[in-house]
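Enquirer: Have a look at this prediction, sequence included:
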Amino acid sequence: MKTITASFFTTVSLRQALQAMSFFWPWKLNQIKKGNQNKLLEQKMSKLIQTKYAATFYNARGALYHGLKALDINPDDEIIIQAFTCISVPNAIMALGAKAVYADIEENSLNLDPNKIEPLITEKTKAIILQHTFGTPANIKKIGELAQKYGLFLIEDCAHSLGAKYQNQPIGSFGKFSVFSFGRDKVISSVNGGVLCTNDPDLYQKLPKNPTLPPGWIICQNLFYNKIGYLSRLTYDFFGLGKIIIYLAKKLKLIPEIISAQENNCSDAKILNYAMPNCLAELAITELRHLNEANEHRRQLAELYNETLSDNYEIIYPKEDENDYQIFLRTILRVSNREAVWNYCKKNKVILGNWYDQIIAPKNADWNKSGYQLGSCPRAEKIAQEVVNLPNHLGVNIKQAKRVIALLKKWHDEN
């Protein structure tokens, strides 16, 4: 019986593996670092998001850092963000010497609660970062009104939400600027990559025009990732060979870390300054062609999970306004006995996901250094202890999703 996993690593397609490795052919070696793909990707993103400008970076946290820097965010300035987020967001803020101020989230959307923002605003507050968690549009209207009332910058964190819409407009077209991620576990993947979108010509002009490219060995890690991911996918259930491949690839540093130990410790800002290599921009352009397919697939599985599991479990399935479009980067289940459910499913060859299993993710991130105060966002803290992600990517078909559903129903009936 084939293992079903929520992990994106074991879903790399043959197309992705072949394209990544094609850069090592002699006639393409000179296109690994530099070429015209970055400009082409920027043009495609500005058209898709309906903004005047777009700029590529090595990752979304680098895009966020340089966007904040272009807004002249200074040491001791405060920026309101939601709890239940990734360490990358406060890292980008703290790299400028500014302070992340955490607000609690809504239970039904896992997005920033508009009612929790105003008490946190001080004379030092300069911006609100709006995260569209797992592809569900945040309440842009209410939070935008608050930002306007107090003269604050509204910034959209769209790392989870490429292709989502709010009031028939693309997510990412509302703020002073927005950032998107092409990381390996995002809507589409070029392994690493980020884009900043904006309508502000002054902000765009302040962005670095010739940022430093990552060292060659880091670029090679990115290109190896898709090949190794595809090999692990093919051999995952062959006497555990796929798992061994993943383990060795990480141990030998053949693939890049999602977040480095230094970043988890809030102490590494070097990666924020890297440019997106030409080869990764080309990978992103290819994957953009499959954006609608991926989003519709996730929506279909989210609907199936909700229809079949909502009588037994609490599914995070926000009601969608007729003018909105959410993409369900993750389909979220809330359970009070998460570890037991994980272990049960794993024994039955279903591996659930763990975004976000800590108030400031990932699990090994030092959230104390991120400035978060335990107890300040109780709703987010509780949810972080209860969420599991159901497999919903393109590598999971309807038949496999029904197997996940049957297993979870069996667990519920037995417990």
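Expert: Nice, I can see it. Residues are numbered from 1 along each chain as shown.

Enquirer: Pull the contacting residues for Tyr204.
Expert: Each residue near Tyr204 by CB atoms under 8 Å, 6 or more residues apart in numbering is listed here: 52-53, 55, 70, 198. Backbone N, C-alpha and C define where each C-beta goes, glycine included.

Enquirer: One more pass at 7 Å, please.
Expert: Residues in contact with Tyr204 (CB atoms under 7 Å, 6 or more residues apart in numbering) are 53, 55, 198.

Enquirer: Also Leu231?
Expert: Contacts of Leu231 (CB under 7 Å, 6+ apart): Ile245.

Enquirer: Using the record's assignment, carve the chain into domains.
Expert: Listed by automatic domain parsing, the domain ranges of the chain are 4-25+214-275, 34-206, 291-414.

Enquirer: How about Leu96: what's its closest non-neighbour residue?
Expert: Ile73 (5.2 Å; CB to CB, 6 or more residues apart in numbering).

Enquirer: what's the one you found sitting at in phi/psi?
Expert: phi -70, psi 130 (degrees, to the nearest 10).

Enquirer: quick one: it and Met94 touch, right?
Expert: No: look at Ile73 against Met94 with CB atoms under 7 Å: they stay out of range, at 10.9 Å.

Enquirer: hmm, back to that, count the neighbours of the residue nearest to Leu96 for me.
Expert: 21 (other CB atoms under 10 Å).

Enquirer: just Lys39 next, same as before
Expert: With other CB under 10 Å as criterion, Lys39 counts 13.

Enquirer: where does it land on pLDDT?
Expert: On the pLDDT scale, Lys39 is placed at 97.

Enquirer: can I assume it sits in a helix?
Expert: Yes: under DSSP: H, G, I helix; E, B strand; the rest coil, Lys39 falls within a helix.

Enquirer: helices and strands around the helix or strand hosting Lys410, which ones?
Expert: Assigned by DSSP states H and E, Lys410 belongs to helix 398-414. Under the contact definition 3 or more CB pairs under 7 Å, 6 or more residues apart in numbering; DSSP states H and E, helix 398-414 sits against strand 4-5, helix 291-309, helix 338-347.

Enquirer: try 8 Å this time
Expert: Where contact means 3 or more CB pairs under 8 Å, 6 or more residues apart in numbering; DSSP states H and E, helix 398-414 is packed against strand 4-5, helix 291-309, helix 338-347, strand 350-351.

Enquirer: hmm, back to that, Ala284 is nearest to which of the domains of the chain?
Expert: Closest to Ala284 of the domains of the chain, according to CB to CB: domain 34-206, at 3.8 Å.

Enquirer: mind listing what Cys377 touches?
Expert: Counting by CB under 8 Å, 6+ apart, Cys377 has contacts 83-84, 102-105, 116, 359.

Enquirer: what's the answer for Met1, then?
Expert: 237, 349 are the contacts of Met1 under CB under 8 Å, 6+ apart.

Enquirer: taking the contacts of Cys377 one by one, which sit in strands?
Expert: Judged by DSSP state E, these include 102-103 as members of strands.

Enquirer: And the furthest pair within the contacts of Cys377?
Expert: Top of the distance list for those (CB to CB): Lys116 and Ile359, 14.7 Å.

Enquirer: higher neighbour count, those two?
Expert: Just comparing Lys116 and Ile359: by other CB under 10 Å the higher neighbour count belongs to Ile359, 22 against 19.

Enquirer: ok, the more buried one touching Trp367?
Expert: Yes: using CB atoms under 8 Å, Ile359 is in contact with Trp367, at 5.9 Å.

Enquirer: any chance you could map the helices in the protein?
Expert: Ranges of helices in the chain, per DSSP state H, are 14-22, 37-49, 60-70, 88-94, 140-149, 201-206, 216-235, 241-251, 261-264, 278-288, 291-309, 338-347, 378-384, 398-414.

Enquirer: Could you point out which of the ones you listed sits nearest Val187?
Expert: helix 291-309 (6.5 Å).

Enquirer: list the buried ones in that closest one?
Expert: Within helix 291-309, the residues that qualify as buried are 294-295, 297-299, 301-302, 304-305, 308-309, counting by 16 or more other CB atoms under 10 Å.

Enquirer: export those residues to JSON lines and tack on pLDDT and distance to Cys266?
Expert: As requested, the buried residues of helix 291-309 are exported to JSON lines (pLDDT from 0 to 100; distance: CB to CB, whole Å):
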{"residue": "Ala294", "pLDDT": "96", "distance to Cys266": "32"}
{"residue": "Asn295", "pLDDT": "97", "distance to Cys266": "33"}
{"residue": "His297", "pLDDT": "97", "distance to Cys266": "36"}
{"residue": "Arg298", "pLDDT": "97", "distance to Cys266": "32"}
{"residue": "Arg299", "pLDDT": "97", "distance to Cys266": "35"}
{"residue": "Leu301", "pLDDT": "98", "distance to Cys266": "35"}
{"residue": "Ala302", "pLDDT": "97", "distance to Cys266": "33"}
{"residue": "Leu304", "pLDDT": "98", "distance to Cys266": "39"}
{"residue": "Tyr305", "pLDDT": "98", "distance to Cys266": "35"}
{"residue": "Thr308", "pLDDT": "98", "distance to Cys266": "41"}
{"residue": "Leu309", "pLDDT": "97", "distance to Cys266": "37"}
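
Enquirer: Contacts only, for Val179.
Expert: 60, 63-64, 67, 155-159, 194-197.

Enquirer: Among those, which one lies nearest to Lys44?
Expert: Val195 (9.5 Å).

Enquirer: Tally up the residues packed near the closest one, please.
Expert: 29.

Enquirer: how much space between it and Tyr65?
Expert: Computed as CB to CB, to the nearest Å, the Val195 to Tyr65 distance reads 14 Å.

Enquirer: Likewise for Leu280?
Expert: 18 Å.

Enquirer: hmm, back to that, return the member of the helices of the chain having the minimum mean pLDDT.
Expert: Among the helices of the chain, helix 261-264 scores lowest, at a mean of 78.

Enquirer: What are the buried residues along that one?
Expert: Those would be 263-264, for helix 261-264 by 16+ other CB under 10 Å.

Enquirer: And the contacts of it?
Expert: Residues contacting helix 261-264 (CB under 8 Å, 6+ apart): 87-88, 91, 268, 271, 362, 364-366.

Enquirer: still on that earlier bit, let's see which of the contacts of Tyr204 end up in strands.
Expert: 53, 55, 198.

Enquirer: Check whether the second one really touches Val195, as I assumed.
Expert: Yes: with the criterion set as CB under 8 Å, Ala55 and Val195 qualify as a contacting pair; they are 6.9 Å apart.
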